[in-house]
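Undergrad: only geometry, no sequence info:
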């Protein structure tokens with residue numbers, strides 16, 4: 001997974017494809033490995049973190065019926081937190097675009113998802129002046 005930091009988009013795509021491919025035969029192992037890697041490399045640049053998160057999303061989507069309930073719950077929570085963190089980081093430079101996207105998740109009469117509210121709050125804190 002260290003190769004995700006390579007600046008060549010083809011190398012990044014190959015890493016993504018390899019993680020997805022491995023995730024087809026061992027989804028829980030790949031999800032746990034990705035999760036552990038992201039935890040150990042909490043300073044990983046967000047563009048590189050996104051590659052791993054996208055691979056995790058693909059593995060979950062393609063193998064949701066095969067995942068153990070506890071694994072799915074833990075991975076989804078961790079994935080949502082990581083995705084929220086990415087939006088907050090991007091929002092430090094492109095606040096208007098990120099706010100536009102987050103606000104689309106607020107629908108009249110529907111309670112927003114916990115991570116939508118958390119992302120909204122963290123965006124306001126990180127951009128408060």
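TA: Now that the structure is in, tell me what you want to look at. Given the structure is predicted, the values throughout are model-derived calculations rather than measurements.
Undergrad: Specify the local secondary structure of residue 59.
TA: When classified by DSSP: H, G, I helix; E, B strand; the rest coil, residue 59 comes out as helix.
Undergrad: What separation do you get for it and residue 93?
TA: Residue 59 is 29 Å from residue 93, where distance means Cβ to Cβ, to the nearest Å. Where you see a C-beta, it was placed from the backbone N, CA and C, and this is true even at glycine.
Undergrad: Comparing the two, which residue is more hemmed in?
TA: Between residue 59 and residue 93, residue 59 has the larger neighbour count (other Cβ atoms under 10 Å), namely 24 against 9.
Undergrad: who touches the more buried one in this structure?
TA: 19-20, 23-24, 27, 30-31 (Cβ atoms under 8 Å, 6 or more residues apart in numbering).
Undergrad: What is the nearest of those residues to residue 41?
TA: residue 19 (14.7 Å; Cβ to Cβ).
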